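Peer 1: build me a structure from this.
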Amino acid sequence: MFGIPGKQAITITDRAATQIAKLMAKDGSKGLRIGVKKGGCAGMEYTMAYVSDIDPHDEIVEQDGARVMIAPMAQMFLFGTEIDYEVSLLEAGFKFKNPNVVDACGCGESIKFDENIGQAAGQP
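Peer 2: Next comes the predicted model:
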């Protein structure tokens, strides 16, 4: 695990926890796994998938019936992130408020992290 002992790697708002728990119950998954991968115009993208198996190396955050697993290679990129669920007139979805992001593209789907974080995680 990366981070401060006794402190959760991420926080989940009540709205996000409600939505995650609802979706877990609907499809019978063990939780939502989040991560990051190379891609997009800013260099990195978040990944999200409901999964049926928990990787023993995942960081697990549980709240109000919601379970979020953080993929091992994403833990240092996501430390301190708040996951929210927002609904507007045009869209609804999970939003990441990540203090480690130094830039994002105009569409909001692609992000860039401080280069020092990527090097520490073994990314080129």
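Peer 1: buried residues in stretch 82-95?
Peer 2: 83, 84, 85, 94 (16 or more other C-beta atoms under 10 Å). Bear in mind the C-beta positions are built from the backbone N, C-alpha and C, glycine included.
Peer 1: ramachandran angles for the third one?
Peer 2: The reference is to residue 85. With angles defined as degrees, to the nearest 10, residue 85 sits at phi -130, psi 120.
Peer 1: surely residue 73 touches residue 34?
Peer 2: No. Residue 73 lies out of contact with residue 34 (C-beta atoms under 8 Å); the separation is 11.5 Å.
Peer 1: ok, the two, which is more surrounded?
Peer 2: Neighbours per residue, other C-beta atoms under 10 Å: of residue 73 and residue 34, the larger number sits with residue 34, 23 against 14.
Peer 1: per-residue pLDDT, that one?
Peer 2: pLDDT recorded at residue 34 is 92.
Peer 1: name the nearest residue to it, sequence neighbours excluded.
Peer 2: Closest residue to residue 34 apart from its sequence neighbours, by C-beta to C-beta, 6 or more residues apart in numbering: residue 48 at 5.4 Å.
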